[in-house]
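Chemist: Return atomic coordinates for the entry below.
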Amino acid sequence: MQFSNLKTAVSAVAAVASAAMLLSLAACGTTDEGDATANGSATGGATSGYDVSSVAKDDAIAALVPDDVKSDGKLSVGMELSYAPAEFLANDGKTPLGYDVDISKALAKVMGLEADIVSSTFDSIVPSVGSKYDLGITAMTITTERLDAVDFVSYYKAGSTWAVQKGNPKGVDTSNLCGLKIAVQTGTVQEQEANDANANCPADKKIEVLSSKLQTDAATNVVTGKADVFYADSPVAGYAISQIGGQLEALGGNVGTAKQGIAIKKGDTAMDEAVQKAVTKLMDDGTYMNILKHWGVESGALDKAEINPTDLE
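Modeler: Next comes the predicted model:
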């Protein structure tokens, strides 16, 4: 993400606090450059979830769901709820919203279950899939390292965006990051990329990677001047830029495109198949695209859901 000149530290904090009501009372991925512009419509103006009440149970898919998952009638889903517009909390501070939330609810209905969204820190989700949660759905990029720990069903594609203070007063150049303070969320691909870039910097110009558990804190660090730039999934960066009252701006276009996936217990082939078929059904009947359009992120849509895809871009 990119940021702009601050009028005062106080006004910047106030702006972030206001945005946090939407990001953290609210709360990752690449679409196109339009998702990362500060036009105030990064989420298509959505303030409530997409209505999935018409989604019906599919008996054949429901039969694939393992007994230990469906025994309590719930599909538990781990999410990091500070990553708007993918997943965040409504203004009541309790109700999960976002396209990942709506997709989770729709998947559960196809399986004849009720979605149980569990608030989690991003870096704790992969280790907890199969024990604490049935699934992890949290705008998670599929990587070879994560595939060693969990299975994935692909459902979205996303890239990354750099953001700085409006007007880029510090002259940040993403082609030369050495010596900068970069704000990222803990456990993300962007954190790894920042650390990788740091390894190539000379000893006297190392990158300071400011890693935060919450994405909202990463954006706040830039607005307040604690960090020079922040780096996040494009829809998330675009949403933050649009909400923080002109304090931030995108720096350059989106970087790369990668598939995101629904995390499933490693080796649980029955659940893999159930999730893949459920996502495919939602794609085929239009529910999937309707959810993405509701949140203004349809440019990240995939045309098929795959189990453990080998092509990660």
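
Chemist: Give me the neighbour count for the nearest residue to Asn198 once chain neighbours are set aside.
Modeler: Sequence neighbours aside, Ile207 is the residue nearest to Asn198 in space, at 3.9 Å (criterion: CB to CB, 6 or more residues apart in numbering). In short, each C-beta sits where N, CA and C put it, glycine included. Number of residues near Ile207 (other CB atoms under 10 Å) recorded here: 20.

Chemist: What segments of this structure are strands?
Modeler: 74-79, 88-89, 96-97, 114-119, 135-141, 150-165, 181-185, 208-212, 229-233, 248-265 (DSSP state E).

Chemist: Figure out which of these is closest to Pro202.
Modeler: strand 208-212 (14.1 Å; CB to CB).

Chemist: Just checking: what are the partner strands of the closest one?
Modeler: strand 181-185 (parallel) (DSSP bridges).

Chemist: how distant is the partner strand from the center of its chain?
Modeler: 16 Å (CA atoms, centre = their mean, to the nearest Å).

Chemist: now stretch 85-105
Modeler: Its chain's C-alpha centre and that of stretch 85-105 lie 11 Å apart, by CA atoms, centre = their mean.

Chemist: Next one, pLDDT for Tyr239 please.
Modeler: The score at Tyr239 is 81. That number is its pLDDT.

Chemist: how about this structure, which residue sits the furthest from its center?
Modeler: Going by CA atoms, centre = their mean, the residue of the chain most distant from its centre is Asp204, 33.7 Å out.

Chemist: how far away is that one from Leu214?
Modeler: 31 Å (CB to CB, to the nearest Å).

Chemist: ok, Asp134 - contacts?
Modeler: Asp134 makes contacts with 69, 75-77, 271, as judged by CB atoms under 8 Å, 6 or more residues apart in numbering.

Chemist: ok, back up a step: per-residue pLDDT, the residue farthest from the centre of the chain?
Modeler: 96.

Chemist: Got the phi and psi for Gly179?
Modeler: phi 90, psi 0 (degrees, to the nearest 10).

Chemist: in terms of contact, does it touch Ala203 like I think?
Modeler: No. If you go by CB atoms under 8 Å, Gly179 and Ala203 don't touch, sitting 11.3 Å apart.

Chemist: Highest mean neighbour count out of the strands of the chain?
Modeler: Highest mean neighbour count of these: strand 229-233, a mean of 30 (counted as mean count of other CB atoms under 10 Å).

Chemist: helices or strands next to that strand in the packing?
Modeler: Packed against strand 229-233, as judged by 3 or more CB pairs under 8 Å, 6 or more residues apart in numbering; DSSP states H and E, are the following elements: strand 150-165, strand 181-185, helix 189-198, helix 215-223.

Chemist: will you turn these into CSV that also has mean pLDDT?
Modeler: Below are the helices and strands packed on strand 229-233 laid out as CSV (pLDDT from 0 to 100):
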stretch, mean pLDDT
strand 150-165, 95
strand 181-185, 95
helix 189-198, 93
helix 215-223, 90
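
Chemist: Report the buried residues of stretch 221-231.
Modeler: 221-225, 227-231 (16 or more other CB atoms under 10 Å).

Chemist: Any regions of the stretch 201-313 of the chain where pLDDT drops low?
Modeler: By pLDDT under 70, the stretch 201-313 of the chain contains no weakly predicted segment.
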